[in-house]
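Undergrad: coords below, sequence missing:
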């Protein structure tokens, strides 16, 4: 599966939230099905999101690219460090969890 293609399809056809503040909240309440993290996000933010995700059993997937690359895949003209998948739409992004869990 092409992760970049699945992310873009989720952004286009599903419901996603961008940003670390929203990701923290969604991780804490269990409102996300999956949280995708860029590999260059700040470590303190990473620790917070990982902690809240463990409390609510929200899976985390590390995107192998930078926040610039993740923003480009999402079709945004800015960096994206965190992407929260609320509804996957027509994508098969949740299948990416098999073997790539963090």
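TA: Received, thanks. Just so we're clear, the structure is a prediction, and the values are computed from it rather than from any experiment. Residues are numbered from 1 along each chain as shown.
Undergrad: CA atoms for contacts and neighbours, from now on please.
TA: Will do.
Undergrad: report how many residues lie close to residue 96.
TA: 14 (other C-alpha atoms under 10 Å).
Undergrad: check contacts around it.
TA: The neighbours of residue 96, taking C-alpha atoms under 8 Å, 6 or more residues apart in numbering as the test, are 1, 3.
Undergrad: is it located within a helix, as I assumed?
TA: Yes - under DSSP: H, G, I helix; E, B strand; the rest coil, residue 96 falls within a helix.
Undergrad: how much space separates it from residue 36?
TA: 11 Å (C-alpha to C-alpha, to the nearest Å).
Undergrad: same check on residue 80?
TA: Distance from residue 80 to residue 36, counting by C-alpha to C-alpha: 10 Å.
Undergrad: remind me, longest strand of the chain?
TA: strand 82-87 (DSSP state E).
Undergrad: tell me what it is packed against?
TA: strand 15-18, helix 20-29, strand 34-37 (3 or more C-alpha pairs under 8 Å, 6 or more residues apart in numbering; DSSP states H and E).
Undergrad: nearest to residue 88, of the ones you listed?
TA: Residue 88 lies closest to strand 15-18 among these, at 6.6 Å (C-alpha to C-alpha).
Undergrad: run me through the strand neighbours of that closest one, direction for each.
TA: strand 82-87 (antiparallel) (DSSP bridges).
Undergrad: the partner strand: which residues count as buried?
TA: Residues 82, 83, 84, 85, 86, 87 are the ones in strand 82-87 that count as buried (16 or more other C-alpha atoms under 10 Å).
Undergrad: that strand vs helix 20-29, what angle?
TA: 50 degrees (axes from the mean of the first three to the mean of the last three C-alpha atoms, to 10 degrees).
Undergrad: how far out from the middle of the chain is strand 82-87?
TA: In terms of C-alpha atoms, centre = their mean, to the nearest Å, the centre of strand 82-87 is set 5 Å apart from its chain centre.
Undergrad: report the rounded mean pLDDT for it.
TA: Computed over strand 82-87, the mean pLDDT rounds to 96.
Undergrad: any chance you could list what contacts it?
TA: Residues from elsewhere that reach strand 82-87 (C-alpha under 8 Å, 6+ apart): 10, 14-20, 22-23, 26, 31-38, 41, 67.
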